[in-house]
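J.: Just a sequence and a predicted model for now, questions to come.
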Amino acid sequence: MSTSGPRPKVAFPVGIEIAESGTRISAACGQLAPDTRVLARFSSPPSPEEVVARIAQLAHEARRRLGDVGMDSDSYHAERREAWSADMPIKATVAVAGRVSHGTVVSLPQAPDWRGFPLGQRLTDVLGGPLQVVTETTAAGYAEGREGGAKDCPQGYLGVFYVHLGRSVTSSYARGRLFLAGAHGAEGLLGHMQVRADGPRCACGAHGHLDPIGSSQAVVRTMIGRASDHEESLSAMLRVTGGRAEAISAAQVVRLAEGGDPVAEAVLDEALNALALALANAVALLDPAVIVLGGPLAEAGAAFLAPLAARLRAACRHLPEMPGLVAATLGPRAPLIGAQLLSRELADEPPQQAHEAKEA
């Protein structure tokens, strides 16, 4: 079916990531291609206005690079070639390594000047098109659902629950093209779920939260602390790290546990039990089709995923069908990839639909 009249002008979609307290900013617009990715770094956390100015430069540079590579190298842009113009606005999705709420930065680690900054509005002013501002975890989860670990899940469109096991435990939930956003920018703080009444103290001051038990950082710290009193475990750590026990990774702790090290087994067992309880609670609330685990612990593969899946099944025995449990596959690229995907969909939607997607 054909229509008459000029084709509507479309906006140029750019995915942007603000990471490492704002000291690393990335922008990309191509078919997830490195040739269209541009990067800027600051030696110390920059002011919000410095980042806004740098993002504007990066967004235009990313567009120029795509032109150099060739629009035909990217099927998305090739299909829209005729609708483009040199003065088209830039629409973007910005993935922030902090907490955000309705376009405003709630918090950015080690960067107190960002608190309350209206990032979405400021970038809209300089780029000319509507903006979505999401957390890195939201963007990464969206990417894993569309292009990563859950891509081949037959019912993934019914709900993807993504969990990042890093310095803390954060999560996101996406259903189709919509993602869950809270009222105050506090959604997805799975690490602050109560999992053990007598648990260790969390960084927030409370006791029994998931973060100090089940995060990748907690597993490493607990292993280092406990192994210092066990000569055999300390020797094992030195062996797998090449003599640098303080540099042990979460995946290496899992490897030691798999090999029978008693300290590593105990540390991992506690982490698995806490994670299984938190995931079971999330499943009871959201009923996702698939759970995707990212971060250093998930990189241990089946040695970590299999025992976690067994504990989760035991905690969810009342369910007629369990959600799938898979590892993330996109690694550190996931937030930027997710921002790209979200920006493309935002650029193809009328403003009202884009607004509804952001608020959903």
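T.: Nice, thanks for sending it over.
J.: list the contacts for residue 148?
T.: Residue 148 makes contacts with 292, 328, 329, 330, 334, 337, as judged by C-beta atoms under 8 Å, 6 or more residues apart in numbering. Yep, even glycine has a C-beta here, placed from its N, CA and C like the rest.
J.: List the buried residues in stretch 230-249.
T.: Under the neighbour-count criterion of 16 or more other C-beta atoms under 10 Å, stretch 230-249 has 233, 234, 236, 237, 240, 245, 248, 249 buried.
J.: Kindly reformat these as CSV and extend each row with pLDDT, distance to residue 282 and secondary structure.
T.: What follows is those, written out as CSV (pLDDT from 0 to 100; distance: C-beta to C-beta, whole Å; DSSP: H, G, I helix; E, B strand; the rest coil):
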residue, pLDDT, distance to residue 282, secondary structure
233, 94, 32, helix
234, 94, 36, helix
236, 94, 34, helix
237, 95, 32, helix
240, 94, 32, helix
245, 90, 34, helix
248, 96, 29, coil
249, 96, 26, coil
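J.: Could you point out which of those is nearest to residue 19?
T.: For these, the closest approach to residue 19 (C-beta to C-beta) belongs to residue 249, at 19.8 Å.
J.: Tell me which helix or strand comes right after the longest helix along the chain.
T.: With DSSP state H setting the assignment, residue counts place helix 262-286 as the longest helix in the chain. Downstream of helix 262-286, the first helix or strand assigned by DSSP states H and E is strand 290-294.
J.: If you average the pLDDT over the very next helix or strand once past that next one, what comes out?
T.: Remark: after strand 290-294, the chain's next helix or strand is helix 302-315, criterion DSSP H and E. Regarding helix 302-315, the rounded mean pLDDT is 96.
J.: any idea how far the helix or strand just after helix 302-315 is from the chain center?
T.: Scanning forward in sequence from helix 302-315 by DSSP H and E, the next helix or strand is strand 324-327. Centre-to-centre, strand 324-327 and its host chain are 16 Å apart (C-alpha atoms, centre = their mean, to the nearest Å).
J.: Poorly predicted segments of the chain, please.
T.: 1-10, 30-36, 66-87, 347-360 (pLDDT under 70).
J.: Please look at residue 188 and residue 172 and confirm they touch.
T.: Yes - taking C-beta atoms under 8 Å as the definition, residue 188 is a contact partner of residue 172 at 5.2 Å.
J.: Show me which of those two is the more surrounded one.
T.: Neighbour totals were compared for residue 188 and residue 172, and residue 172 leads with 28 against 24 (other C-beta atoms under 10 Å).
J.: just the buried residues of stretch 230-249 now: which is nearest residue 310?
T.: For the buried residues of stretch 230-249, the nearest to residue 310 is residue 249 (23.3 Å; C-beta to C-beta).
J.: Tell me the spacing between the closest one and residue 261.
T.: 15 Å (C-beta to C-beta, to the nearest Å).
J.: which stretches of the chain form helices?
T.: Under DSSP H, the chain gives helices at 48-69, 75-78, 119-127, 136-146, 211-214, 216-227, 231-240, 250-258, 262-286, 302-315, 334-348, 351-359.
J.: can you pull the contacts of residue 171?
T.: Taking C-beta under 8 Å, 6+ apart as the test, what residue 171 contacts is 137, 141, 161, 162, 163, 164, 188, 189, 190, 282.
J.: returning to what we had before: give me the common contacts of residue 188 and residue 172.
T.: Common contact partners of residue 188 and residue 172 (C-beta under 8 Å, 6+ apart): 135, 137, 138, 180.
J.: At the geometric centre of the protein, which residue sits there?
T.: residue 137 (2.5 Å; C-alpha atoms, centre = their mean).
J.: Please look at that residue and residue 188 and confirm they touch.
T.: Yes - assessed by C-beta under 8 Å, residue 137 is found in contact with residue 188 at 5.7 Å.
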